[in-house]
Each structure stands twice: as structure tokens, then as C-alpha cells.
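Visitor: just to be clear, the model below is a prediction. Sequence and coordinates:
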Amino acid sequence: MEINMADTTFMFLATVMVLLMTPALSLFYGGMVRAKNVLSTTMHSYAAIVVVVIQWILLGYSLSFGGDNSIIGDFSFAFLKNVGFAPVDYAPTIPHQLFMMFQLAFAIITPAIISGSVAERMKFPAYLAFVLLWSTLVYDPIAHWVWGNGGWIREMGALDFAGGTVIHVSAGISALVAAIFVGKRTNKDSVRPHNIPMTMIGAGLLLFGWFGFNAGSALSINGIAMNAFITTTVSGAAAGFSWLMCEWVLHKRPTALGLVSGIIAGLGSITQSAGYVSPFSALLIGFVGGILCFFAVTELKKRIGYDDALDAFGCHGVGGIWGGISAGIFATSSINPDITGGLVDGNAALLIAEIISILAVTAYSAIVSFVILKLISLVMPVRASEEEEEDGLDYSLHGETAYGSVSAAGLAVGAHEPVAIPAISPKKQFDAEVVAMDEAVLVENHTTAMPSNKAHKTKKMTKVEILINESKFDHLKKALNGIGITGMTVVNVFGYGVQKGHTTYYRGVETDADLLPKVRVEVVISNVPLQQVIETARKALYTGNIGDGKIFVYDVENVIRVSTGEEGAQALAYNGDAELLRATS
């Protein structure tokens, strides 16, 4: 074995590209959550870097690639003992240290993928414990089964060129188990991505890194690496196209989020077979993978009812399972002479081996992931409290906010049917004594007894302004929707009052945030009784602390709908409300 400098340079670049994928994943995931959870979500990816690097150096690499046992490695490479510059049989033309670093990049991103399934609701200490235990008890054994000397899946003849089974199947199945174990977000049906451009940037960086992921798995700059480069590109494009077509046909609009989700699905689908199949086969693999992942995300999740927040299972798990099956079908010795091909070469044994490996990894990942989560739950809470979830994990768990104010505002539309809005439990959020509702949610009334505009005397209109902490907006919106207020204007503002700001941290130093990010919610009412609006808002906002909110009430002279010229209460009404008003006026 002799070091080849061209291969070494190629693999050094490939390793750096794969290491970039975890920060890229943090952007991809971070854009899809609400603004109040973007920091906690991105932290999950960076925390995986911190935990797995240490674990890998101490024993993870040795458990994955040490020895020649069938189930698990040994401790021959623990603490990087015997891992030097000289080559090793896994990669005979590059330094052993470089091979170790390349595999480290794979080990880092795998648990980071799982974090998408529990975004917006998992406690950070529990997540750190999960990453450490999962990497040791799930990832390392599976990596040895598939890639390690003597590993039973490797000896069986199953193929996994770049980690479709080791990474995507194991992470996807574990993500599904974690999502079910942790439970659904309290208001998951109203969650919308807060920054899709961030997600698209993350997807672009993932695509860039994936070329190192797949082409680098050839471990040499040769024809197999170039074929993997091509098939990765083709599969990602084909899946992006098929996902878009599904959206276009079924939902009538192709979306930016759908396009990048399809590309990621295609990349996950080709990972097992990138160095074994032809570009045309990659086209088929990606096209089918995009369709399968689309229906997993849009239909399967809905029918089963689990809350995989960022579709780690739908994209990575389903894509990885299809990728393993497709490797058994389309792998051919005409592309890679070092293998015995699959069905296209008349060999059904490879497809059988692939299915066995998928079933084994699926079962093992699911069972051990559940056991790990159960054990952690006996020691510490796994899920954030309802109050922490409502406030947002960024502030409630980490004492930070990403933007200082909400990132989006606009019209809120809801049902007219009354809904039960549970009161928020009083709490000592700022170490203050619990106070009465009159003191916690102040009301200032600036109205007169009768409307001043003679043209609208019979239908008085009133504007209600509500100043609140941004984390309470979803709760308030649901409460107002429940009494028939389906339109509102939302504005980002900053406030300073008796509450005197939050305590925040900047680079570990405690600081006072004098200007608090607030939300001003404005509604104009004519049919809904004013007192009902006030009491509903106060009940939704009250926690028993000074600064729960403030309500201002004003007379409205007139309202004019620009599109129709309607005035007064007619201009406030929507759809059936407008017809009812016309019939009764």
C-alpha cells in the first residue's frame, strides 16, 4: 500500500465537503421551523458535531472499523491508537487519518438528520444524551455490519456505496421512532416555515456537499468516482422534477420548498448505488424516489398521524429504503467490475441481500432508538413543557432570540365556530409575584358611548389594539378565531415598561435587553361584542406576571373596502358574513 497524492488531495476536498453538510443541514432545517425555534433547531446540528467528534475519537471509529468481528469492532483504534499517516486496507492509497476523518463526517451528519423529526419540542440535554448513546449503540454497530472488516452484512454481499443504509435508513427509522416517542407539537397544524430562502440555501450547500459524500466514497479519483458524481447529479434532478410534478398535478402549484425537498429525496435515493449504476438507472431511481418521498411526506404522515416535524423519515428514511431496493435491481458489473450485479445482470441474490440488510437495520434502529429514549426519559425530561414550547425553545431553553422580533406578520384566517381556549397557568416567569388579571393585562379604553360618524350610527365599529409578547401570538390568534374574529393585522414593535426587559446572554455574559420584542395585534369589530373580545384576549394572555399584555380600545369613524367601495360593517365582513349583513341591513 502506497499513498497516492492525487487520491489524497481528492479525498481531502471530499472530506471537507461532507463536513460542510452538517452546517448546511442546520440551515435547511432552520428555515422550516418557526422564528422562535430557529436557534434551537440549528444548534441540534452543531451539537452533533461537538458530541460525535469527541465520541468518534475516543471509541466510535474503533467500534465501527476496528477488528474483523461480524457484529461490532474492537478497541484497536480507540483514542486513535494505530491511526497514523500510513494507509490502511480500507483505503490503500490515502492516509489512514484521512479515511478516519472522512468517516467522521458521515458519523456527524447522521444523528443531525434525526433532529429534524423532534424539532421545536425536544429538551436540549435529552438531545445531547440521545446523540451520544445513539451514535455508540446504533450508528457504530451498523457501520461495522455494512462497511467493517468481517461485518455480517458486508460478508452477505449487500452493497452500500456511500451510506444509504448506514446513514439514511438508520437515521430515517430512528427519526420516526423519536417523533412518535416525543409526541406531536401542540399546534403543529398551524406551523409554517419562517424562512424558506434559508432552507433553499441549506439545500444548495447540501447538494454541493453530497458530491463529496458520494463521489468521495470511491476513495480514489477514478472512473467510479466520476460515475458517482454523474449519477448523484442525475438522481437529484430527476427527484426534484418528479416532486414538482406531483405538487403541480395534485396541489395545482409547484413550490420552492417542494423543489428542494425533492432534490434531497433524490440524493438520498441514489446514495447506496451511486458507484454501481448507470446514469439512466439513476434517472429512474431519482424519479421514483421523488414520488415515493412526496407521498410519504404529504399522505403517509397524515394517515398515520405522526409529527415528523421536518420530514426526516419521509425524505431520508423512505428515500434510503428505496435506494437499497434499487441498488439490488440496477447495480451492474458493467459500471463497477468489482461487484456482482443485481437483477439487471440476472442476479436476484443481490436484491435479496439488500432487502435483508434493510429489514435488519430498520428493526435494530427502531428497537434500540426506543430503548435509548426510554432510558433517557427515566433520568431527565425528554420533551419541553407546554409553556416552553409556546414561548419558543430559543428563549425558554437557551435565553436567546434569533431576530429580536417575529419574522412574519399578516392576515390570520380561522374558523367561525367557537373553540375552547385553555387558560395559561400562572407562573413566575420573571421572578415576580403572581398578580391579578387586571394588573397583568391592562386595558385602556378610548371610546365614546356612540359612534361619531352619523353614516354608521346603527353599527358601531371599534378598534382593539393588543400589545403582547411575541411568543403568545399563536395562542391569542386561536382564541380570537374562536369567537369569530378571522382577520387581524400584526405588526412587530418593541416595548419597555414595568417589566423592564428580559435577562439575556451574549457570549456567556448576562445582559439586560431593555427593549423587548413585542407584537401589536389590531382588529376592528362591529358584530362581536367588545367585552367578549377583551375577556377572550385577557384569558388567552394571562400568566399572572406584570407585562402579560396591554389592550387599547378606540372608536373607528369608518372602514372602506378598496376593492368594492363598501363602507362600515359591510367592509369588515367576509364571504358569508357580507351576505348576511346585506340581507339584514
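Guide: Sure thing, it's come through.
Visitor: and the longest helix along the chain, what's buried?
Guide: Ranked by residue count and defined by DSSP state H, the top helix of the chain is helix 348-379. Buried residues in helix 348-379, defined by neighbour count with 16 or more other Cβ atoms under 10 Å: 350-351, 353-354, 357-358, 360-362, 364-366, 368-369, 372-373, 376. Any C-beta I mention is one placed from the backbone N, CA and C, and that applies to glycine too.
Visitor: same check on stretch 440-450?
Guide: 440-443.
Visitor: tell me which residues are up against it.
Guide: With Cβ atoms under 8 Å, 6 or more residues apart in numbering as the contact definition, stretch 440-450 has outside contacts at 457, 460, 462, 530, 534, 537-538, 541-555.
Visitor: which among these end up buried?
Guide: 460, 462, 534, 537-538, 541-555.
Visitor: in helices only, show me the buried residues of stretch 440-450.
Guide: residue 440.
Visitor: so can I have JSON lines of the buried residues of stretch 440-450 showing pLDDT?
Guide: What follows is those, written out as JSON lines (pLDDT from 0 to 100):
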{"residue": "440", "pLDDT": "73"}
{"residue": "441", "pLDDT": "77"}
{"residue": "442", "pLDDT": "78"}
{"residue": "443", "pLDDT": "84"}
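Visitor: residue 246 against residue 294, yeah?
Guide: Yes - applying Cβ atoms under 8 Å, one finds residue 246 in contact with residue 294, separated by 4.5 Å.
Visitor: and these two? which has more neighbours close in?
Guide: Counted by other Cβ atoms under 10 Å, residue 246 and residue 294 do not tie: residue 294 has more neighbours, with 25 against 19.
Visitor: for residue 566, see how far away that one is.
Guide: Distance, residue 294 to residue 566, by Cβ to Cβ, to the nearest Å: 42 Å.
Visitor: before we move on, the earlier item: redo the buried residues of stretch 440-450 as JSON lines? Include distance to residue 135.
Guide: Shown next, in JSON lines, are these (distance: Cβ to Cβ, whole Å):
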{"residue": "440", "distance to residue 135": "46"}
{"residue": "441", "distance to residue 135": "47"}
{"residue": "442", "distance to residue 135": "51"}
{"residue": "443", "distance to residue 135": "54"}
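Visitor: okay, residue 462 and residue 87: tell me how far apart.
Guide: Residue 462 is 79 Å from residue 87, by Cβ to Cβ.
Visitor: tell me where the model's unsure across the stretch 201-350 of the chain.
Guide: Across the stretch 201-350 of the chain, nothing is flagged by pLDDT under 70.
Visitor: for the closest residue to residue 200 other than its chain neighbours, pull up the helix or strand it's in.
Guide: Nearest-residue entry for residue 200: residue 260, 5.4 Å, with adjacent residues in sequence omitted and distances by Cβ to Cβ, 6 or more residues apart in numbering. If you go by DSSP states H and E, residue 260 is part of helix 256-270.
Visitor: could you point out the helix or strand that follows that helix?
Guide: helix 279-295.
Visitor: pull the residues that contact that next one.
Guide: With Cβ under 8 Å, 6+ apart, helix 279-295 has contacts from 227, 230-232, 234-243, 246-247, 258, 261-262, 265-266, 268-270, 273-274, 277, 314-315, 318-319, 322-323, 326, 330, 332, 344.
Visitor: which among the residues you listed count as buried?
Guide: 227, 231-232, 234-243, 246-247, 258, 261-262, 265-266, 268-270, 273-274, 277, 314-315, 318-319, 322-323, 326, 330, 332, 344.
Visitor: from the chain's centroid, how far away is the helix holding residue 260?
Guide: 14 Å (Cα atoms, centre = their mean, to the nearest Å).
Visitor: between helix 279-295 and it, find me the angle.
Guide: 130 degrees (axes from the mean of the first three to the mean of the last three Cα atoms, to 10 degrees).
Visitor: helices or strands up against helix 256-270?
Guide: Packing partners of helix 256-270 (3 or more Cβ pairs under 8 Å, 6 or more residues apart in numbering; DSSP states H and E): helix 196-215, helix 223-251, helix 279-295, helix 318-330.
Visitor: okay, angle between the second one and helix 256-270 too, please.
Guide: Right, the one you point to is helix 223-251. Going by the same axes, to 10 degrees, helix 223-251 makes 140 degrees with helix 256-270.
Visitor: the shortest one now?
Guide: For helix 318-330 against helix 256-270, the angle between stretch directions is 40 degrees (the same axes, to 10 degrees).
Visitor: next one: the first one
Guide: Calculated by the same axes, to 10 degrees, helix 196-215 forms an angle of 10 degrees with helix 256-270.
Visitor: which elements pack onto helix 196-215?
Guide: Counting by 3+ Cβ pairs under 8 Å, 6+ apart, helix 196-215 packs on helix 5-30, helix 223-251, helix 256-270.
Visitor: please redo it, this time with the cut-off set to 10 Å
Guide: Identification of packing neighbours for helix 196-215 by 3 or more Cβ pairs under 10 Å, 6 or more residues apart in numbering; DSSP states H and E yields helix 5-30, helix 38-55, helix 96-115, helix 223-251, helix 256-270.
Visitor: again, but for the shortest one
Guide: Contact analysis of helix 318-330 by 3+ Cβ pairs under 10 Å, 6+ apart lists helix 170-182, helix 223-251, helix 256-270, helix 279-295, helix 348-379 as its packing neighbours.
Visitor: residue 300 - how many residues pack around it?
Guide: Residues near residue 300, counting by other Cβ under 10 Å: 16.
Visitor: look up how far residue 19 lies from the nearest residue to it once chain neighbours are set aside.
Guide: Distance criterion Cβ to Cβ, 6+ apart; nearest residue to residue 300, sequence neighbours excluded, is residue 314 at 7.1 Å. Separation of residue 314 from residue 19 (Cβ to Cβ): 26 Å.
Visitor: with residue 83 instead?
Guide: 18 Å.
Visitor: go on, residue 541?
Guide: From residue 541 over to residue 19 (counting by Cβ to Cβ), the distance is 45 Å.
Visitor: and if you look at residue 548?
Guide: 46 Å.
Visitor: cool, and residue 6?
Guide: From residue 6 to residue 19 the distance is 21 Å (Cβ to Cβ).
Visitor: just residue 235 next, same as before
Guide: 22 Å.
Visitor: same question, residue 536
Guide: 51 Å.
Visitor: hang on, the earlier thing: next step: the buried ones among the contacts of stretch 440-450 restricted to helices.
Guide: Going by DSSP H, the helices hold 534, 537-538, 541 from these.
Visitor: need the max-distance pair from those residues.
Guide: The most widely separated members of those, counting by Cβ to Cβ, are 534 and 541 (10.8 Å).
Visitor: list residues touching both of the two?
Guide: 441, 466, 551 (Cβ atoms under 10 Å, 6 or more residues apart in numbering).
Visitor: can you name the residues bridging to the nearest residue to residue 219 once chain neighbours are set aside?
Guide: Excluding the flanking residues, the one nearest residue 219 by Cβ to Cβ, 6+ apart is residue 91, at 4.6 Å. Beta-bridge partners recorded for residue 91 (DSSP bridges): residue 88.
Visitor: which secondary element of this protein has the worst mean pLDDT?
Guide: helix 576-584 (a mean of 42; mean pLDDT, DSSP states H and E).
Visitor: returning to what we had before: among the ones in helices among the buried ones among the contacts of stretch 440-450, find me the one that's closest to residue 10.
Guide: Closest to residue 10, out of all of those and judged by Cβ to Cβ, is residue 541, at 59.0 Å.
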